[in-house]
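Asks: Please work out how this folds:
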Amino acid sequence: MLEDLAAIAAQAGVMLKSRHQTIAVVDGATGGLVSASLLAMPGASAFYLGGGVIYTLKGRRIVLGHPPGSLRGHTSATEGYAIAQAELIRQRYGADWGIAETGAAGGGSAHPLGVASGNSAVAVVGPNGIAASRLVQTGSNARLGNMQAFTQAALTLLRDTLAAHSGT
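Replies: Numbers count the residues shown, from 1 in each chain. Next comes the predicted model:
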């Protein structure tokens, strides 16, 4: 599992490293797997600045450092919310790129905001107004499988966005 995710992350890491660019990460339902995958690459400190796992509103305020109420109106597991989080973590760390995942992995109690298990949104934000996002819907309540699917979607989006903006 981590080996497959780390392989995708390494492709993104090579691009970031060769461009002398940096990234900051917000993991949600992925529980740190986006960060772990990027950090599996030797030399990740050349591009990985940091990040956090957001699982509560209090945690969100601490990790993102945003003013109270500034994310009001955003709904969990939506592309708009993922983009906002990616931009906030990018700003918070002064990174070239920000990546975020927000969703419901499932497998137990219901998501506090009613998001159905197996639903996630991932986003990547970069320099010059670059923003990309996508919804992930697995249709599953299998927590570990969802965590892996959400992480794979986030890392693939990062890799593909970096490749599409190679001159950035």
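
Asks: And the pLDDT at residue 1?
Replies: Looking at residue 1, its pLDDT reads 77.

Asks: Who are the contact partners of it?
Replies: residue 148 (CB atoms under 8 Å, 6 or more residues apart in numbering). All C-beta spots, glycine's among them, are computed from the backbone N, C-alpha and C.

Asks: Distance-wise, check it relative to residue 144.
Replies: 8 Å (CB to CB, to the nearest Å).

Asks: One more: residue 25?
Replies: From residue 25 to residue 144 the distance is 20 Å (CB to CB).

Asks: neighbour-wise, which of the two wins?
Replies: Remark: of residue 25 and residue 144, residue 25 carries more neighbours, 31 against 13, as counted by other CB atoms under 10 Å.

Asks: did I read that right, the more buried one in a strand?
Replies: Yes. Under DSSP: H, G, I helix; E, B strand; the rest coil, residue 25 sits within a strand.

Asks: Leaving out chain neighbours, which residue sits closest to it?
Replies: Distances taken as CB to CB, 6 or more residues apart in numbering place residue 51 nearest to residue 25, at 3.2 Å, with adjacent residues excluded.

Asks: which other helices and strands contact the strand or helix carrying the one you found?
Replies: Here residue 51 sits within strand 48-53, counting by DSSP states H and E. Other elements packing on strand 48-53 under the criterion 3 or more CB pairs under 8 Å, 6 or more residues apart in numbering; DSSP states H and E are strand 23-27, helix 33-39, helix 57-64, helix 79-93.
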